[in-house]
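Trainee: I'd like to go over a predicted model; first the sequence, then the structure.
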Amino acid sequence: FMYNLQLSEEQERICQMVKEFAVNEVAPGAKERDLNEDFLATRDILKKMGKLGLMGIPYAKEYGGAGLGYVEYALAGFELNKVDASVGISYSVHISLGSGPIYNFGNEEQKQKYMPKLCSGEYIAAFGLTEPCAGSDAGASQCTAVLQGDKYILNGTKCFTTNGEFADVIVVFAMTDPSQGTKGISAFIVEPKNFPGIKFVKREKKMGIRASVQNVIEMENLEVPKENLLGKEGQGFKIAMATLDCGRIGVAAHATGIAKGAYEYALNYSKERVQFGKPIAKQQVIAFKLADMYAKIEAAEAVTLKAAWSKDQHLPYGIPAAVAKLTGTNTAMEVTTEAVQILGGTGFTM
């Protein structure tokens with residue numbers, strides 16, 4: 001197949017629009033929001049993004065989306081994460097993990113009910129899969145869902161739920177038939193503000209990305225209407241795995257954007273910082289570091305866009321998405337570490 005790295009005029013326009021929004025609306029106050037763990041400010045930024053049509057970039061216009069694709073979504077992710085990874089991760093979770101399962105697996109009634117509000121930013125979405133004893137091993141879920149009359153009754157605990165306590169919609173996974181293992185998992189559309197029986201019992205304290213909230217959620221006899229079953233009983237594991245494939249593109253864009261921001265910061269610093277009579281950017285050891293950082297970012301960006309393009313072209317994208325996530329996250333770690341070194345002591349200050 002022919003993969004073209006050249007962006008279209010429309011994609012260039014999206015890039016420029018998001019870049020301007022990121023510089024003017026997201027970058028100011030990003031440091032303070034992080035230090036203060038101000039996740040409500042992040043929520044407010046997401047609401048503003050909804051008014052620009054950014055909260056439904058890859059979804060069809062008939063459901064309130066922008067009618068674009070995952071390439072445009074990845075491009076937006078690059079720009080947002082360059083200036084604020086908290087906004088970036090909350091955005092990624094909303095699009096890929098929270099809204100995605102409803103768009104891809106919901107029935108027409110569910111899509112008409114939820115997608116326009118999710119795409120406009122009126123609703124913020126979250127994803128409730130991980131449990132204390134079921135992380136990568138999603139099939140070890142201990143949350144249960146029992147049908148009683150016209151409602152499912154959910155019990156159990158979820159953790160690391162990004163956007164949790166300000167989410168309007170959470171896609172939650174629970175066992176409807178524990179005897180069937182992964183084939184006994186089902187997915188549900190939960191409205192935490194409207195359905196009784198859900199509590200946000202903890203906000204995780206983190207080393208970074210602190211203006212994005214991650215919660216521990218307890219469900220005690222949580223009542224979910226029968227019509228909020230997503231797909232069919234027993235399809236939850238399939239829905240989760242397909243959703244995580246999409247999510248890996250979001251993670252790759254998130255990580256690559258972080259690397260881009262760190263590189264640009266270090267590059268600008270190195271041009272201004274003078275030692276031994278010249279900017280340190282002209283010292284060979286620093287120049288070599290910057291060259292390596294740039295090369296790694298170029299590779300991460302390329303594989304991320306290839307994965308996004310593959311999804312948009314309805315080609316198999318599971319492996320490209322996994323490659324992009326691996327490359328992007330490794331690049332983020334390596335580039336940010338080198339950025340700290342280039343800044344010297346300043347790199348270790350707040």
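Mentor: Sure, I can see it.
Trainee: Could you pick out the longest helix of the protein?
Mentor: helix 236-272 (DSSP state H).
Trainee: List the residues that contact the nearest residue to Asp38 once chain neighbours are set aside.
Mentor: Closest residue in space to Asp38, ignoring its immediate chain neighbours: Ala211 at 5.3 Å, by Cβ to Cβ, 6 or more residues apart in numbering. Just so you know, the C-beta spots here come from the backbone N, C-alpha and C atoms, and that holds for glycine as well. Contact analysis of Ala211 by Cβ atoms under 8 Å, 6 or more residues apart in numbering lists Ala30, Arg33, Asp34, Asn36, Glu37, Asp38, Phe39, Ala41, Thr42, Asp84, Ser86, Val87.
Trainee: Quick check on the residues you listed: which are buried?
Mentor: Taking 16 or more other Cβ atoms under 10 Å as the criterion, what is buried in these is Ala30, Arg33, Asp34, Glu37, Asp38, Phe39, Ala41, Thr42, Asp84, Ser86, Val87.
Trainee: Looking at these, which are in strands?
Mentor: Residues of the buried ones among the contacts of Ala211 located in strands (DSSP state E): none.
Trainee: Walking through the stretch 101-250 of the chain, point out its helices one by one.
Mentor: With DSSP state H, counting those that start in this stretch, the ranges of helices along the stretch 101-250 of the chain come out as 108-120, 236-272.
Trainee: most packed of these?
Mentor: helix 236-272 (a mean of 23; mean count of other Cβ atoms under 10 Å).
Trainee: In JSON lines: the helices of the stretch 101-250 of the chain, plus distance to Lys47 and mean pLDDT.
Mentor: Conversion of these to JSON lines gives the following (distance: least, Cβ to Cβ, whole Å; pLDDT from 0 to 100):
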{"stretch": "helix 108-120", "distance to Lys47": "9", "mean pLDDT": "98"}
{"stretch": "helix 236-272", "distance to Lys47": "19", "mean pLDDT": "98"}
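Trainee: Gly128: which of the contacts of Ala211 is nearest?
Mentor: Nearest to Gly128 among the contacts of Ala211: Phe39, at 17.1 Å, using Cβ to Cβ.
Trainee: how much space between the closest one and Tyr123?
Mentor: Distance, Phe39 to Tyr123, by Cβ to Cβ, to the nearest Å: 16 Å.
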